[in-house]
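Asks: pasting the sequence and the predicted model now:
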Amino acid sequence: MNGKVVVSQLGARMHYAVPRIFASHGRLAHFYTDICATKGWPRIVGSLPPALFPAPVKRLAGRRPKGVPGELTTVFSSFGIRSALRRMQVRDVIEETAHAVWAGSIFSRMVAQSGFHDASGLYAFSGDALEQMHAAKRRGLWTAVEQMIAPRDVVEMLMDREMQRFPAWAGLPRSNPHARVFANREKAEWALADYIVCPSDFVRQHVIACGGPGERCVVVPYGVNPAFTIDRKARPPGPLRVLTVGEVGIRKGSPYVAEAARLVGGAATFRMAGRLSISESARQEISQWVDLRGIVPRTQIAEEFRWADVFLLPSLCEGSATAVYEALAAGLPVITTENTGTVVRDGIDGFIVPICDAEAIALAVERLAADDGLRRSMSAHASARAADFTVEAYGKRLLAALSNANASRSAAPAKVYTFPDTQNQRRIL
């Protein structure tokens, strides 16, 4: 990797960590995003009292790419609003995937048309990158694509299996033609990329299993701001308090949280903070055992971590779940799965349990409830582990990984790839 870099991303992913990293090292040529509260007309939102706006607009006010110079930032605000309105009308996973393909391809084309500001490289995100990567390669730039989660083929396989197990939660599996389009976008991006940035070895292994070039994959775990750390007090008497943060749905393993809570009974109290992506019947079922908090504003999420004694995230598929990093920074022992792309060390910072195993979750919770010395030891180890995964450390890992990778791979001969997107266009890679 050499020279300055254009970064493009939809949304405020990880509070704009990647553009901030490049900017802080003087390596940011330009930053493209859909919408934020510091550029264009959305600045009005940030200058008025939050009470004047509904929740979605309040979240927009929180999109502030601090540390990214405004003069190096281009937003597509009209597209961002249009995309947000379309997203609000999504009713199921099929429409959600269709929206992801639509938004990603339009955003990518707008970036490609806006230019690369004399940069040497492009850093973009999977599913949103293909068109701009084509344009960047034509101009001689190196390209990096971040594979934020396991490939779409893996997600579909795992989700289909869980939908068959829990039809009352999300309905039975249905054919999703947009999933194949999205998966093919990912594979076309891998074919173009000089670097495929994977947040965990779990993601890297599945990229390779789905036909991706393992020699171009670099594993770079994430990090969280150390300001998130919490001064933990002595645990008050009573049941162990178990927290899950994230969308309540089958991908996050929520049915197994509910079943584990039932198995544990009065030894622990369970709480889930996140958007509900389940049917009403499933909500009623899980509410018997778990306190559903709904969406908790980012400004209040630290209070949820302060309440908890243990963090639980039994996801079936992630990239490397940032909520786990936050839990470690909050000094919480973590019960999680390998599929979260976790940095938790089994038996040291918490427990790694198999996916889809409520009994294993319940046993881990019961062990921590019964042994306060073990819980306190794991809490101390969690805080120490978090010190290795700050945003600053993440930035150093990212820049080092890109610098150490073999950039000469980009000189490979061009290949012809048929990409079945919505226009059935034939693309030259």
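Replies: That came through fine.
Asks: may I ask which helix or strand of the chain has the lowest mean pLDDT?
Replies: strand 426-428 (a mean of 26; mean pLDDT, DSSP states H and E).
Asks: tally of neighbours for the closest residue to residue 213 other than its chain neighbours?
Replies: Using C-beta to C-beta, 6 or more residues apart in numbering and skipping residues adjacent in sequence, the residue nearest residue 213 is residue 190, 6.4 Å away. Quick note: C-beta positions are derived from backbone N, CA and C, even for glycine. Using other C-beta atoms under 10 Å, residue 190 has 20 other residues around it.
Asks: and residue 190, what is it in contact with?
Replies: 145, 147, 196, 207, 211, 212, 213, 216 (C-beta atoms under 8 Å, 6 or more residues apart in numbering).
Asks: if you set the cut-off to 10 Å instead, what comes out?
Replies: 126, 145, 147, 151, 196, 207, 210, 211, 212, 213, 216, 217 (C-beta atoms under 10 Å, 6 or more residues apart in numbering).
Asks: so how far is stretch 357-372 from its chain's centroid?
Replies: 27 Å (C-alpha atoms, centre = their mean, to the nearest Å).
Asks: got the residue ranges for the helices in the stretch 51-200 of the chain?
Replies: 55-61, 77-88, 93-114, 130-138, 152-165, 167-170, 177-192 (DSSP state H, counting those that start in this stretch).
Asks: then the fourth one to PDB, C-alphas only?
Replies: The C-alpha trace of helix 130-138 is given here as PDB (Å, rounded to 0.1, in the frame of the first residue of the first chain):
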ATOM      1  CA  LEU A 130     -18.000  -3.100  -7.300                       C
ATOM      2  CA  GLU A 131     -18.600  -0.200  -9.700                       C
ATOM      3  CA  GLN A 132     -16.100   2.100  -8.000                       C
ATOM      4  CA  MET A 133     -13.500  -0.700  -7.900                       C
ATOM      5  CA  HIS A 134     -13.800  -1.100 -11.700                       C
ATOM      6  CA  ALA A 135     -13.300   2.600 -12.100                       C
ATOM      7  CA  ALA A 136     -10.400   2.700  -9.700                       C
ATOM      8  CA  LYS A 137      -8.600  -0.200 -11.400                       C
ATOM      9  CA  ARG A 138      -9.000   1.500 -14.800                       C
END
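Asks: picking that back up, reformat the helices of the stretch 51-200 of the chain into TSV and put mean pLDDT next to each item.
Replies: Converted to TSV, those look like this (pLDDT from 0 to 100):
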stretch	mean pLDDT
helix 55-61	59
helix 77-88	87
helix 93-114	94
helix 130-138	97
helix 152-165	92
helix 167-170	83
helix 177-192	95
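Asks: possible to save those helices as TSV with distance to residue 281?
Replies: Below are these laid out as TSV (distance: least, C-beta to C-beta, whole Å):
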stretch	distance to residue 281
helix 55-61	25
helix 77-88	23
helix 93-114	18
helix 130-138	39
helix 152-165	15
helix 167-170	5
helix 177-192	26
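Asks: among the ones you listed, which is nearest residue 305?
Replies: Proximity to residue 305, assessed across the helices of the stretch 51-200 of the chain by C-beta to C-beta, is greatest for helix 55-61 (19.7 Å).
Asks: for residue 11, what are its contacts?
Replies: 33, 34, 35, 36, 63, 80, 83, 84, 103, 125, 128.
Asks: distance check, it against residue 29.
Replies: Applying C-beta to C-beta, to the nearest Å, the value for residue 11 to residue 29 is 21 Å.
Asks: what's the closest non-adjacent residue to residue 4?
Replies: Per C-beta to C-beta, 6+ apart, closest to residue 4 is residue 29, 3.7 Å.
Asks: element containing the one you found?
Replies: Per DSSP states H and E: residue 29 is located in strand 28-33.
Asks: on that earlier part again, looking at the helices of the stretch 51-200 of the chain, which is closest to residue 367?
Replies: The nearest among the helices of the stretch 51-200 of the chain, by C-beta to C-beta, is helix 152-165 at 26.2 Å.
Asks: in space, what's closest to residue 81 - neighbours in sequence excluded?
Replies: Nearest non-adjacent residue to residue 81 (C-beta to C-beta, 6+ apart): residue 35, at 6.8 Å.
Asks: contact partners for the one you found?
Replies: 10-12, 41-42, 60, 63, 75-84.
Asks: which of those residues count as buried?
Replies: 10-12, 42, 60, 63, 75-77, 79-80, 83-84 (16 or more other C-beta atoms under 10 Å).
Asks: between those residues, which is nearest residue 376?
Replies: Taking those together and measuring to residue 376 by C-beta to C-beta, the closest member is residue 12, at 35.0 Å.
Asks: help me confirm that the closest one comes into contact with residue 36.
Replies: Yes: using C-beta atoms under 10 Å, residue 12 makes contact with residue 36 at a distance of 7.1 Å.
Asks: returning to what we had before: among the contacts of residue 11, which two are most distant?
Replies: Once C-beta to C-beta is applied, these give 84 and 125 as the farthest pair, at 17.7 Å.
Asks: how about the strands of the stretch 201-350 of the chain, start to end?
Replies: Assigned by DSSP state E, counting those that start in this stretch, the strands in the stretch 201-350 of the chain fall at 217-219, 240-245, 268-273, 290-294, 310-313, 334-336, 350-352.
Asks: domain parsing for this structure?
Replies: For the chain, automatic domain parsing gives the domain ranges 5-223+391-428, 226-386.
Asks: ranked by average pLDDT, which of those domains falls at the bottom?
Replies: For the domains of the chain, the weakest mean pLDDT is recorded on domain 5-223+391-428, namely a mean of 84.
Asks: find the nearest non-adjacent residue to residue 346, please.
Replies: residue 352 (4.1 Å).
Asks: please apply the same query to residue 67.
Replies: residue 20 (4.2 Å).
Asks: what is the helix or strand hosting that neighbour packed up against?
Replies: Per DSSP H and E, residue 20 falls inside helix 17-24. Identification of packing neighbours for helix 17-24 by 3 or more C-beta pairs under 10 Å, 6 or more residues apart in numbering; DSSP states H and E yields strand 5-9, strand 28-33, strand 121-125, helix 391-404.
Asks: angle of that helix against strand 121-125?
Replies: 160 degrees (axes from the mean of the first three to the mean of the last three C-alpha atoms, to 10 degrees).
Asks: what angle do helix 391-404 and helix 17-24 make with each other?
Replies: Going by the same axes, to 10 degrees, helix 17-24 makes 80 degrees with helix 391-404.
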